[in-house]
Structures are given as structure tokens and as C-alpha cells.
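Visitor: Next input, structure requested:
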Amino acid sequence: MPQRDGGVPAAPGRSQPKVAAPSIRHSRGLEQFFLNIRDVVGLSILDMAGLNQENVNVLSALGHKLYASDLVRSIDDTFGYDLAEQNNASRLEYFLQANFNYLPDTFDGVILWDALQFMTPAVLAATVDRLHMIMRPGGYLLAYFSAQERLSEVPSHTFRFVDDKSILVTERGLRAPGQVFNNRNLEKTFARFDSVKFFLTRENLREVIVRR
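Guide: Numbering: from 1, shown residues only. Alright, predicted model coming up:
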């Protein structure tokens with residue numbers, strides 16, 4: 001079986017080209033996110049890139065509590081690698097329970113990174129509804145989307161904080177986006193939220209900061 005770097009088996013049905021080396025990037029979206037949580041302590045933050053010590057350290061130093069899960073891995077574990085499987089209603093309910101089984105108004109901030117772009121419309125809508133429920137009014141959500149809308153596959157990444165303005169980005173490989181994402185349909189996706197703001201990066205990422 002083909003292997004990824006580090007000896008992890010490559011997922012079937014997904015492209016496994018040579019990935020780019022990890023890089024440090026400035027993130028205006030992350031900068032805005034931290035700007036809104038810096039002057040208070042004791043907030044609850046949900047980080048959906050998986051648990052890593054760098055992110056724990058940065059948020060703990062600000063006096064916040066971190067909850068973490070790997071949302072992209074959960075998509076694969078629940079639905080497999082065929083986007084059509086995301087239409088399975090029972091699997092969708094399991095996915096929501098596995099990742100968002102929190103009381104209403106639990107979180108002051110949610111960092112989704114690039115996970116949402118690998119969801120089909122039904123999974124995305126259900127996920128955003130659940131996020132709206134578990135976030136407190138006035139809380140902030142950060143998500144990244146590829147700005148290259150015509151590509152059949154886009155890079156998936158893992159993310160680690162370098163500081164409150166920069167991230168270390170590591171590619172996981174290429175995978176199919178769940179749908180086309182642009183400013184208009186992202187505004188519709190987050191229509192129940194108070195505000196949506198976009199930043200476009202040199203790396204063709206659309207950073208989205210959303211206020212509950």
C-alpha cells in the first residue's frame with residue numbers, strides 16, 4: 001500500500017502527489033480572531049485541527065481553555081472518501097454527535113481551519129447549524145477555503161500556531177472539495193450569523209472570520 005510521509009497509509013481514491021514542505025504564513029483571519037479574544041480570560045475555544053501542544057500553549061498563555069478534535073479525519077472516518085456517502089442521514093447524525101455534542105452557548109470561539117470545504121451541502125448546512133447552537137452570541141469563528149474554485153482537488157492541511165498572527169501549515173495531500181465556495185455562497189452559508197468578513201491570501205486561500 002502506498003505510504004504518506006511518516007509511514008501513514010495513503011487513503012484510497014485520493015491523490016497523493018509530493019506535498020509541499022511545511023511553511024509559516026501570516027494569517028489576517030487568525031490575527032482578527034486573536035484580536036477579539038486577547039483582552040479577556042477564561043474563554044472556551046474549539047480547535048478542529050486536532051490536538052497539538054503549540055495551539056494549547058498559545059491559548060493557555062492567554063488564559064483560555066482549549067477543546068480539540070480533528071474534523072477532517074472525522075469526515076473520513078464517518079463517511080469514507082466518496083463524497084456521495086455524505087448523503088447518508090444516519091452517518092450524518094453520528095458525525096454531528098461525535099464532533100459537536102456540546103450544550104448550547106458553550107464556545108466563545110471556533111477555529112475550523114479548512115475542514116468545511118470538504119463537506120457536501122447537506123453536511124455543511126447541518127454542521128453550521130450545530131456551530132451556531134454551541135457558540136455564544138458575540139463569539140468568533142475562523143475558517144479557510146481554497147480560492148481556486150475550478151479545481152477538482154485542493155490541498156488539505158494541518159495548522160499549528162506560531163504566534164497570534166502566524167501559522168505553520170503542513171499539507172496532508174489533495175482531496176475533492178464538497179462543493180464550490182465563493183464569497184456569495186459563504187455569505188449564504190453563514191446567513192444566521194451576525195457578520196462575515198473575508199481575506200484573500202497570496203496562497204489562494206480565502207480566510208473567513210464570522211461573528212455569531
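Visitor: mind listing the helices for the chain?
Guide: 28-35, 53-61, 71-79, 89-100, 121-134, 183-189 (DSSP state H).
Visitor: Could you report the distance from residue 66 to residue 24?
Guide: 21 Å (C-beta to C-beta, to the nearest Å). C-beta: built from backbone N, CA, C; applies to glycine.
Visitor: meant to ask about residue 63
Guide: Residue 63 sits at a distance of 25 Å from residue 24 (criterion: C-beta to C-beta).
Visitor: rewinding a little: among the helices of the chain, which comes closest to residue 43?
Guide: Closest to residue 43 of those is helix 53-61 (C-beta to C-beta; 8.6 Å).
Visitor: Any chance of the helices of the chain in CSV with distance to residue 199, mean neighbour count and mean pLDDT as columns?
Guide: Shown next, in CSV, are these (distance: least, C-beta to C-beta, whole Å; neighbours: other C-beta atoms under 10 Å; pLDDT from 0 to 100):
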stretch, distance to residue 199, mean neighbour count, mean pLDDT
helix 28-35, 4, 19, 95
helix 53-61, 20, 14, 92
helix 71-79, 21, 19, 95
helix 89-100, 26, 15, 95
helix 121-134, 20, 18, 97
helix 183-189, 11, 14, 93
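Visitor: Quick one: closest of those helices to residue 158.
Guide: Among these, the nearest to residue 158 by C-beta to C-beta is helix 71-79 (8.4 Å).
Visitor: which residues touch the closest one?
Guide: Contact with helix 71-79 is made by 11, 48-50, 85-86, 88, 91, 94-95, 98-99, 112-115, 118-119, 123, 156, 172, as judged by C-beta atoms under 8 Å, 6 or more residues apart in numbering.
Visitor: re the thing from before, nearest to residue 142 among the helices of the chain would be which one?
Guide: helix 28-35 (4.7 Å).
Visitor: what helices or strands is that closest one leaning on?
Guide: When contacts are defined as 3 or more C-beta pairs under 8 Å, 6 or more residues apart in numbering; DSSP states H and E, helix 28-35 packs onto strand 135-146, strand 195-200, strand 205-211.
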